[in-house]
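S.K.: prediction below, plus the sequence it came from.
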Amino acid sequence: MAAGCPCYPEGIETMFHKNRAWSVVELDGIGEVCDKLIEHDWTLCSGFWFPVVPRDTKGIVLLNDSTSEDALQEYAVCLASKGVDLCTQIESYTVSWMSRESLSKSLLEILGRLADGETLESYGTFHDVLEWEHEPCRYCA
């Protein structure tokens, strides 16, 4: 998504699908996230969470925000606590245009900013969108 996109008020970029529910799986860290996102395409309800610090409950979740399974793989990057059903979007990535290295570098930058205590700009907080135990839905059934 481009900054200043006319489809969002005042150029703020936000998730395309604010009413979609995502099935979130927990991963160990950035390496595993990069492997999953770069090497595979995922259903529209897929989300991948990893802790900011190992064994922490605060983490980053990447939510598939693509318009279809055959479209570019768009992911909303959000802050979320493990087991909680809400998240705060801080970034958006078109993973289809990224290499494993650039995705890893971008995620490491976010972790560094969080470690430095930086308050990251929020594009919105979304409630009732994360499902830690997911039943098949119309996006994955």
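M.R.: Thanks, I have it.

S.K.: CA only for contacts and neighbour counts going forward, please
M.R.: OK.

S.K.: can you list contacts of stretch 79-87?
M.R.: 49, 57-61, 78, 88-90, 125-132 (CA atoms under 8 Å, 6 or more residues apart in numbering).

S.K.: ignore the last one, stretch 100-107
M.R.: For stretch 100-107, the surrounding residues in contact (CA under 8 Å, 6+ apart) are 30-31, 34-35, 38, 95.

S.K.: before we move on, what about stretch 24-35?
M.R.: 46-51, 54, 61, 100, 103-104, 107-108, 130-134.

S.K.: swap in stretch 45-62?
M.R.: The contact list for stretch 45-62 (CA under 8 Å, 6+ apart) reads 20-30, 33, 63-64, 75-82, 111, 139-140.

S.K.: quick one: that stretch to chain centroid distance?
M.R.: Distance, stretch centre to chain centre, for stretch 45-62: 9 Å (CA atoms, centre = their mean, to the nearest Å).

S.K.: show the end-to-end separation of it, please.
M.R.: In stretch 45-62, first residue to last residue: 11 Å (CA to CA, to the nearest Å).

S.K.: shift numbering so it begins at 39
M.R.: All right, first residue 39 from here; so that's stretch 83-100.

S.K.: what about the residue lying closest to Thr126 once chain neighbours are set aside, neighbour count?
M.R.: In space, Thr126 comes closest to Thr163 once its chain neighbours are excluded; the distance is 4.2 Å by CA to CA, 6 or more residues apart in numbering. Look at Thr163: counted by other CA atoms under 10 Å, it has 15 neighbours.

S.K.: wait, isn't Thr163 in contact with Val115?
M.R.: No: the criterion here is CA atoms under 8 Å, and Thr163 misses it with Val115 at 11.7 Å.

S.K.: returning to that earlier point: any idea which helix or strand carries the residue nearest to Thr126?
M.R.: In this structure, Thr163 sits in strand 162-164 according to DSSP states H and E.

S.K.: and that strand, what other elements does it pack with?
M.R.: If you count contacts as 3 or more CA pairs under 8 Å, 6 or more residues apart in numbering; DSSP states H and E, strand 162-164 packs onto strand 125-132.

S.K.: list the strands paired with the strand it packs on, with their directions.
M.R.: Its sheet considered, strand 125-132 pairs with strand 112-119 (antiparallel), strand 162-164 (antiparallel) by DSSP bridges.
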